[in-house]
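**Student:** Here is the input, now give the coordinates:
(4 chains)
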Amino acid sequence: MDSMHDLGGMHGFGRIVPEPHEPVFHAPWEGRRFALTSAVPFAVPYCDDQFRPAIERMEPSHYLKSSYYEKWYEAVVRLLQERRVISAAELDGSAPPAQSHALAVRADAVLPAIFAGASQARPEAKVARRFSPGDRVRTRATMGAGHNRLPRYARGKVGVVDSVHAPFLVADRNSIDDQTPETLYTVRFEASTLWGTQAPPGDTLSLDLWDSYLEHST
Amino acid sequence: MDSMHDLGGMHGFGRIVPEPHEPVFHAPWEGRRFALTSAVPFAVPYCDDQFRPAIERMEPSHYLKSSYYEKWYEAVVRLLQERRVISAAELDGSAPPAQSHALAVRADAVLPAIFAGASQARPEAKVARRFSPGDRVRTRATMGAGHNRLPRYARGKVGVVDSVHAPFLVADRNSIDDQTPETLYTVRFEASTLWGTQAPPGDTLSLDLWDSYLEHST
Amino acid sequence: MSQGHDHHHDDEEHGVALRVKALERVLVAKGLVDPAALDVFVEAYQTKIGPRNGAKVVARAWSDPAYKARLLTSATAAIGELGFSGLQGEHMVIVENTPETHNLVTCTLCSCYPWPVLGLPPVWYKSPAYRSRSVREPRKVLEEFGVVLPAGKKVRVWDSNADLRYMVLPERPAHTAGWSEERLAAIVTRDGMIGTALV
Amino acid sequence: MSQGHDHHHDDEEHGVALRVKALERVLVAKGLVDPAALDVFVEAYQTKIGPRNGAKVVARAWSDPAYKARLLTSATAAIGELGFSGLQGEHMVIVENTPETHNLVTCTLCSCYPWPVLGLPPVWYKSPAYRSRSVREPRKVLEEFGVVLPAGKKVRVWDSNADLRYMVLPERPAHTAGWSEERLAAIVTRDGMIGTALV
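**Tutor:** Numbers count the residues shown, from 1 in each chain, chains lettered A, B, ... in the order given. From the prediction side, this is the model:
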């Protein structure tokens, strides 16, 4: 999906404005909103690879204008509605909330869940490992209309495999409930390959790319 | 410049909404605004290749939200200010307008100027013509931070030269007052080259590309 | 623009109108524009330069094989024969729809459009939706415009990114045999010459 | 967020606060979330999980060569030794700044960030400005943050686009010889571990 989220290398967004002494949450409702989006997937399971496309489907200028927690909030509401867990009428208060069969995460389970994480590695999976460190690889030139994690700026580009990792679920497929894993590689690109000859020689950029994102290059 | 204007192939903009019986101008001020942006370059010469980058420098979400005549209006004001033809104080009314030395286009010169056009072809120029119809060419993989007319979706892509045109001023250079022309070619790409294998076989897309945008391909 | 005529919208529009008027006043006072010249620009694109010009070109091409041949090889000159020329049409290319091929014109980078034959572009042509989708999913776009192509017909998209300006020559409908040029011109639509309609 | 506290902004903020409260009410009523669990999430990231964790990792690596070796080869496990683990840090990679190389971490596609060691990302890290520019002109970005690199130092950018999460191990400042881990940890900043500061 070549949506507004794929910002790498775009011009026109101006200066970066750090906020001095930025608090974790700017107001109680911001913390509450973060907590809601964190707690919901325990009751209504969805993974990041389903959550992210829900964000990516936001209307582009709204995407640019909204804060990140706001994006999360909208994505959660969208996912809950699409899965018919919640209705528009329940949301706007015109219908009383119907009891769901899902199980809310208990307060005492939260910290253990945070510290356990949610790894998408599948170390035991038998999968192809077509590339080795030092191999020159070319990334796919085009991606489809579905969710994927190959930024536009790195398509059809030649880099070198830096390291080989475990098999991981592939974002593209996992977003549509296909949990076939693939080997993940860290691939290093010369900055000049990505941005042209003005880029300082020797500067590099690395991305983590699944096996099917790559082909051998000369 | 990889700004918000380079929209080709992006997802998320929704349905196209034609306006039934759309008038040429929706209100008198819209016609007036169009006319202003059309008349000013006669007095303060700038070409489309300088006008467009002024639009492309708009803040991205503002770019998306504003109508096209609004973009023109802002670009004209920006160019006039950058060239010190008009001051912020004159614009906001806090200083009286100072008489300029530029010559406004006369009413009786407008129609002849419209019908004459403003060709950027330089048919007599002696320039390289490295490619011929039928040649396979690859477009440049990266463009710099300057103005250019090679959309991101068509970078590093292989197509076939369909036709060869006259030498034309090159947008990139013309935007910075370098009027060295180059041969222009129409290059045809398979849709699947640009968008992937989901694209219907046989569908194509054509772009008009200057000599330096291309290299020979196998 | 015609939508959402609520109070907020009217306020906004009023603000823009005032800003435009203020700029005109300053530019006139500085001697950079002549209000009478502005009138000529507005009137030219409201009355002289619009899709009726393109329709005449199409009708002539449908009626006169020799003209059509000139139009397809030397579009700018052939269009000039009918008195149409100038800004944003200095280098015209006519792309012909055939039983095998449907053509669609767009401009993804801005709003390039063949003014001498089609006038100023409609708002939708300049919208992010059309600009983003026309190149990537032209068949879906055509469907939204009500154009369903027969299976096997190829789509050619022309992204007007440089100095050439494109206009589509639609297929002449079968039922128009013997029609006068004037009658033919009356059925040719702006969208037909962009490629978002069949005629 | 701290800027522009005008009336309009306050209104908007009030609207968001109400919407969040309304959603919480509905989700609680439906049995999808437990308000007490929400409290735990908020508290965890306000008090337990933040850049002080990462600073401890850095200070340990600066003080203990064997730990540093483990950290650079098996980052997740080495970070786990200090009790930090979990969501958005399941597969950690530590990238070491050296006299030859400066590292910068970003996420152009969303907001990936190593939560167990750095907590939740600051607003600027998630901004279009940082996401668009960090990969294309990292040196200009660093300059804006006040980091001017000596000539010849290479920049390596890490765009966290998949399952790995990156943290920078800054160079230990020369003047800190003999300092305790606690004292060292106190000088390590969040930005130093993102790469937008030297320490």
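
**Student:** For the residue of chain C found nearest chain A, give me its contacts.
**Tutor:** Chain C approaches chain A most closely through C:P128 (7.2 Å), counting by Cβ to the nearest Cβ. In short, each C-beta sits where N, CA and C put it, glycine included. When contacts are counted by Cβ atoms under 8 Å, 6 or more residues apart in numbering or on different chains, C:P128 is found next to A:P60, B:L7, B:M10, B:F13, B:L64.

**Student:** ok but the last one is inside a strand, no?
**Tutor:** No - assessed by DSSP: H, G, I helix; E, B strand; the rest coil, B:L64 does not belong to a strand; its assignment is helix.

**Student:** Just list the residues touching it, thanks.
**Tutor:** Residues in contact with B:L64 (Cβ under 8 Å, 6+ apart) are A:P60, A:S61, A:L64, B:M4, C:P128.

**Student:** between the residues you listed, which is nearest chain D?
**Tutor:** When the contacts of B:L64 are compared for distance to chain D (Cβ to the nearest Cβ), A:L64 comes out closest, at 6.0 Å.

**Student:** Take the contacts of B:L64 and keep only those in strands.
**Tutor:** Residues of the contacts of B:L64 located in strands (DSSP state E): none.

**Student:** what two of those are the furthest from one another?
**Tutor:** Comparing every pair within the contacts of B:L64 by Cβ to Cβ identifies A:L64 and C:P128 as the most remote, at 12.3 Å.

**Student:** And the strands in the chain?
**Tutor:** Unless you meant another one, I'm taking chain A. Secondary structure of chain A (DSSP E): strands located at A:136-139, A:158-169, A:181-190, A:204-210, A:214-216.

**Student:** that answer is for a different chain, and I need it for chain C
**Tutor:** Defined through DSSP E, the strands belonging to chain C, from first to last, are C:92-96, C:101-106, C:154-159, C:165-169.

**Student:** Using CSV, please lay out those strands together with mean pLDDT, mean neighbour count and distance to C:A55.
**Tutor:** Shown next, in CSV, are the strands of chain C (pLDDT from 0 to 100; neighbours: other Cβ atoms under 10 Å in any protein chain shown; distance: least, Cβ to Cβ, whole Å):
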stretch, mean pLDDT, mean neighbour count, distance to C:A55
strand C:92-96, 98, 21, 13
strand C:101-106, 98, 24, 16
strand C:154-159, 98, 23, 19
strand C:165-169, 98, 26, 11
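
**Student:** quick one, what contacts the residue nearest to A:G202 when sequence neighbours are not counted?
**Tutor:** Nearest residue to A:G202, sequence neighbours excluded (Cβ to Cβ, 6 or more residues apart in numbering or on different chains): D:K154, at 4.6 Å. Shown in contact with D:K154 (Cβ under 8 Å, 6+ apart): A:G202, A:D203, A:T204, D:E100, D:T101, D:H102.

**Student:** could you redo those residues as a markdown table and give each row distance to D:V199?
**Tutor:** Rendered in a markdown table, the data for these read as follows (distance: Cβ to Cβ, whole Å):
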| residue | distance to D:V199 |
| --- | --- |
| A:G202 | 23 |
| A:D203 | 21 |
| A:T204 | 23 |
| D:E100 | 17 |
| D:T101 | 16 |
| D:H102 | 12 |
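
**Student:** was I right about A:S3 contacting A:R52?
**Tutor:** No - taking contacts as Cβ atoms under 8 Å, A:S3 lies outside contact range of A:R52: 10.3 Å.

**Student:** do you know how far the nearest residue to C:L23 once chain neighbours are set aside is from chain A?
**Tutor:** Spatial nearest neighbour of C:L23, chain neighbours left out: B:L36 (6.3 Å); criterion: Cβ to Cβ, 6+ apart. Taken as Cβ to the nearest Cβ, to the nearest Å, the spacing of B:L36 relative to chain A amounts to 25 Å.

**Student:** How many residues are close by B:L36?
**Tutor:** Using other Cβ atoms under 10 Å in any protein chain shown as the criterion, B:L36 is surrounded by 23 other residues.

**Student:** Give me the pLDDT value at it.
**Tutor:** The pLDDT attached to B:L36 in the predicted structure is 95.

**Student:** Contact partners for it?
**Tutor:** Shown in contact with B:L36 (Cβ under 8 Å, 6+ apart): B:Y73, B:V76, C:V20, C:L23, C:E24, C:L27, C:V33, C:L38.

**Student:** So which bits of the lowest-mean-pLDDT helix or strand in chain C are buried?
**Tutor:** Here the helix or strand of chain C ranked lowest by mean pLDDT, DSSP states H and E is helix C:7-29, holding a mean of 84. Using 16 or more other Cβ atoms under 10 Å in any protein chain shown as the burial criterion, the residues of helix C:7-29 that qualify are C:E13, C:V16, C:A17, C:R19, C:V20, C:L23, C:E24, C:V26, C:L27, C:V28.

**Student:** Quick check: C:K56 touching C:E181?
**Tutor:** Yes - distance between C:K56 and C:E181: 7.5 Å, which falls inside the contact criterion (Cβ under 8 Å).

**Student:** Please identify which of the two sits among more neighbours.
**Tutor:** The residue with more neighbours, out of C:K56 and C:E181, is C:K56; 20 against 16, by other Cβ under 10 Å.

**Student:** gap between the residue lying closest to the more buried one once chain neighbours are set aside and chain D?
**Tutor:** What sits nearest to C:K56 in space, not counting adjacent residues and going by Cβ to Cβ, 6+ apart, is C:A185, at 5.2 Å. Relative to chain D, C:A185 is positioned 48 Å away (Cβ to the nearest Cβ).

**Student:** just checking, A:S66 touches A:W72?
**Tutor:** No - assessed by Cβ under 8 Å, A:S66 is found out of contact with A:W72, at 9.8 Å.

**Student:** Nearest residue to the middle of the chain?
**Tutor:** Picked chain A for this. Taking Cα atoms, centre = their mean, the centroid of chain A lies closest to A:R52, which sits 5.1 Å from it.

**Student:** wait, chain C
**Tutor:** The C-alpha lying nearest the average C-alpha coordinate of chain C belongs to C:L118 (Cα atoms, centre = their mean; 3.7 Å).

**Student:** list the contacts for that one?
**Tutor:** Residues in contact with C:L118, defined by Cβ under 8 Å, 6+ apart, are C:G50, C:P51, C:N53, C:G54, C:M167, C:R190, C:M193, C:I194.

**Student:** What is the neighbour count of the residue lying closest to A:A95 once chain neighbours are set aside?
**Tutor:** Spatially, and ignoring its direct neighbours in sequence, A:A95 is nearest to A:A89 (3.5 Å; Cβ to Cβ, 6+ apart). The local packing of A:A89 (other Cβ under 10 Å) involves 12 other residues.

**Student:** Against D:E24, how distant is A:A89?
**Tutor:** Between A:A89 and D:E24 the distance is 17 Å, computed by Cβ to Cβ, to the nearest Å.

**Student:** Equivalent analysis for A:E124, please.
**Tutor:** Separation of A:E124 from D:E24 (Cβ to Cβ): 40 Å.

**Student:** One more: C:V57?
**Tutor:** 63 Å.

**Student:** do the same with C:D191
**Tutor:** Taken as Cβ to Cβ, the spacing of C:D191 relative to D:E24 amounts to 49 Å.

**Student:** just C:W179 next, same as before
**Tutor:** In this structure, C:W179 and D:E24 are separated by 68 Å, where distance is defined by Cβ to Cβ.

**Student:** C:L38: what's it in contact with?
**Tutor:** For C:L38, the contact set (Cβ under 8 Å, 6+ apart) comprises B:R32, B:A35, B:L36, B:A39, C:E24.

**Student:** A:D2 too?
**Tutor:** When the contact criterion is Cβ under 8 Å, 6+ apart, the partners of A:D2 are A:M143, A:R152, B:G9, B:M10, B:H11.

**Student:** measure it to B:W195 for me?
**Tutor:** Taking Cβ to Cβ as the criterion, A:D2 is separated from B:W195 by 10 Å.

**Student:** Quick check: neighbours shared by those two?
**Tutor:** Between them, A:D2 and B:W195 share the contacting residues B:G9, judged by Cβ under 8 Å, 6+ apart.

**Student:** I'm done for today, thanks for sticking with me.
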